[in-house]
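Visitor: Have a look at this prediction, sequence included:
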Amino acid sequence: MPFSADDLSAIWLTLKLAGLTTLLLLLLATPLAWWLARTTSRWRAPLGAVVTLPLVLPPTVLGFYLLVALGPHGWIGQLTQFLGLGTLPFTFGGLLLASLIYSLPFAVQPLQNAFEAIGPRPLEVAATLRATPLDAFFTVVLPLSRRGFVTAGILTFAHTVGEFGVVLMIGGNIPDKTRVVSTQIYGHVEALEYTQAHWLAGSMVLFSFVVLLGLSLLNRRHARVLP
Amino acid sequence: MPTRFRRLVKLATVAATSLFGLCQAAEVSVAVAANFTAPMQKIAAAFEQDSGHKVVLSFGATGKFYAQIRNGAPFQMLLAADDETPARLDKEGLTAPGSRFTYAIGKLVLWSAQTGLVDDQGAVLRTGHFERLAIADPKLAPYGAAAVETLSRLGLLQTLQPRFVQGENIAQTYQFVATGNAALGFVALSQVMVDGRITKGSAWLVPAELHTPIRQDAVILGNAKANAAAAALAAYLRSDKARAIIRAYGYAL
């Protein structure tokens, strides 16, 4: 077995974090992307920019602000303490919140593109057939934007697996709670345990390659089915 | 002909003096352990003024510097956070033989950003109601290893381990405590000391006999055997002037 018990627990934690992040983000990003795709509000551009921010900000910036904001003196920290939740840094919940922010653009943008591609026409047709907007969303929009959902899900999952800087800043390297694969690799490298680092790092490369390969094959197959 | 000859001589003299000047005012790139950032900036400035040499400083984690040096990083000198890394480089033949020396001995302190939380005997570790105790990763950082050693000497390691949050290095550990995310933590005295005093929060200076001394060694790297500035800086670090600066930042010598 090339992986130690610590490595395996880091792998499991990473999968749990990425899975939960993907699930929650798809739920949160769908209404947000829908609004961004359809609205004519003047808030569209600023809000779109805010959603995209995590894509361009260095993870250390994000991590640092999260550490300060979630800490006992920060405004989110004050809120969570008021609610009796304590403070979030160094907890799995804190990592989950950070991942939601960190991967937000990777969920919103594919969905927004898919929604925009549908255009107003199918919904107008659905309305003439007496479908309520909600009805139309589930029976018309969702099936038509299936590819967007798959892309968003895969990208969010993969991006969360690759999260490093933010975790380093607010994780505290606690086994089973905040020590994920990327920080475990970093620890191995820093401790000069290059063999163990190679095993984990190699697995990450393989994983990322398979994900991207799958994504591109999927896109091509769909492109053939749906002209 | 004589004029041309004279011109040649003149040219040669100019070239020779400027070459000589170059030799005199050499440049040295130094990789410096993160915990020694503040004193090294001061020492480098004083050294540049006194010697005319130029110093280029890079700050970071010692383990990372080790990996970079093995892979050809253009440093001429390493000021490590421990004594193991320079010794390892020595053994691997990557240093100027015989250039290794201890430039500072780190002091460990239990520190909190809150005033009055940490008493001057460290009793808070037994009695305190704190949720998290920040330490540097003992696998990576000498200050972290010293903190674990201290706690195990005090018989508190088992009870306090579940409350550990680990910084990747001592700078991050300090950040956890300074932002209040951990109520207290083991950091380097140099991080909380300004002009010979601890000015913020509350602290317990961990007695030196509770852990193995945190020796920080420096070494001249193999590519700088003939670098005048590196040799001069190594000597300067052992001078009274530099030692006074090092002590003022809370290191022993």
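Guide: It's in. Here the structure is a predicted model, which means the values were calculated and not measured. Numbering: from 1, shown residues only, chains lettered A, B, ... in the order given.

Visitor: which other helices and strands contact whichever strand or helix holds B:A218?
Guide: Assessed by DSSP states H and E, B:A218 sits inside strand B:214-220. Under the contact criterion of 3 or more Cβ pairs under 8 Å, 6 or more residues apart in numbering or on different chains; DSSP states H and E, strand B:214-220 touches strand B:77-79, helix B:84-91, strand B:101-106, helix B:142-153, helix B:228-237. For every residue, glycine as well, the C-beta is placed using N, CA and C.

Visitor: Nearest to A:Y102, out of the ones you listed?
Guide: helix B:142-153 (26.9 Å; Cβ to Cβ).

Visitor: who does the next helix or strand after that closest one touch, helix- and strand-wise?
Guide: Once the chain leaves helix B:142-153, the next helix or strand it forms, by DSSP H and E, is helix B:157-160. Where contact means 3+ Cβ pairs under 8 Å, 6+ apart, helix B:157-160 is packed against helix B:142-153.

Visitor: A:A98 and A:I170 touch, don't they?
Guide: Yes - if you go by Cβ atoms under 8 Å, A:A98 and A:I170 touch, sitting 6.0 Å apart.

Visitor: if I look at the two, which residues touch both of them?
Guide: Common contact partners of A:A98 and A:I170 (Cβ atoms under 8 Å, 6 or more residues apart in numbering or on different chains): A:G63, A:L66.

Visitor: Distance check, the residue lying closest to A:M169 once chain neighbours are set aside against chain B.
Guide: The spatial neighbour of A:M169 that comes closest, neighbours along the chain excluded (Cβ to Cβ, 6 or more residues apart in numbering or on different chains), is A:G63 at 2.7 Å. In this view, A:G63 and chain B are 10 Å apart by Cβ to the nearest Cβ, to the nearest Å.

Visitor: which bits of chain A sit near chain B?
Guide: By Cβ under 8 Å from any Cβ of the partner chain, the residues of chain A that approach chain B are A:67-68, A:70-73, A:86-87, A:89-90, A:168-169, A:172-174, A:183, A:186-187, A:189-192.

Visitor: pull the helix or strand with minimum mean pLDDT from chain B.
Guide: Lowest by mean pLDDT, DSSP states H and E among the helices and strands of chain B is helix B:2-24, with a mean of 56.

Visitor: Compute the number of surrounding residues for residue 208.
Guide: In the absence of a named chain, this looks at chain A. Burial of A:S208 is recorded as 13 neighbouring residues (other Cβ atoms under 10 Å in any protein chain shown).

Visitor: You answered for a different chain; I wanted chain B.
Guide: The burial count for B:A208: 14, using other Cβ under 10 Å.

Visitor: Hmm, it is touching B:R215, no?
Guide: No - contact criterion Cβ under 8 Å: B:A208 and B:R215 do not qualify, at 11.9 Å.

Visitor: Which is the succeeding secondary structure element to the least confident helix or strand of chain B?
Guide: Next element after helix B:2-24 (DSSP H and E): strand B:27-33.

Visitor: partners of that following strand, with directions?
Guide: Applying DSSP bridges, strand B:27-33 is found paired with strand B:54-60 (parallel), strand B:77-79 (parallel).

Visitor: Do you have the helices of chain A handy? List them.
Guide: Ranges of helices within chain A are A:5-38, A:44-56, A:59-70, A:75-82, A:92-118, A:121-128, A:133-136, A:142-144, A:146-161, A:165-170, A:181-190, A:194-225, based on DSSP state H.

Visitor: Show me the shaky parts of the chain.
Guide: No chain in the question, so chain A it is. Scanning chain A for pLDDT under 70 picks out A:1, A:222-227.

Visitor: not what I meant, chain B
Guide: B:1-24.

Visitor: Quick check: residues of it near chain A?
Guide: So far as Cβ under 8 Å from any Cβ goes, chain B lies against chain A at B:61, B:63-64, B:66-67, B:131-132, B:134, B:137, B:139-140, B:164-168, B:172, B:175-176, B:179-182.

Visitor: cutoff 6 Å now
Guide: B:G63, B:K139, B:L140, B:V165, B:Q166, B:E168, B:T179, B:G180, B:N181 (Cβ under 6 Å from any Cβ of the partner chain).

Visitor: For ChimeraX, write a command that selects the buried ones of the residues of chain A next to chain B.
Guide: Here is the ChimeraX selection string for the buried members of those, based on 16 or more other Cβ atoms under 10 Å in any protein chain shown:
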select /A:67,68,70,71,72,86,87,89,90,168,169,172,173,174,183,186,187,189,190
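
Visitor: one step back: show only the entries of the residues of chain B next to chain A found in helices.
Guide: Among the residues of chain B next to chain A, the members falling in helices (DSSP H) are B:G63.

Visitor: Alright, calling it a day.
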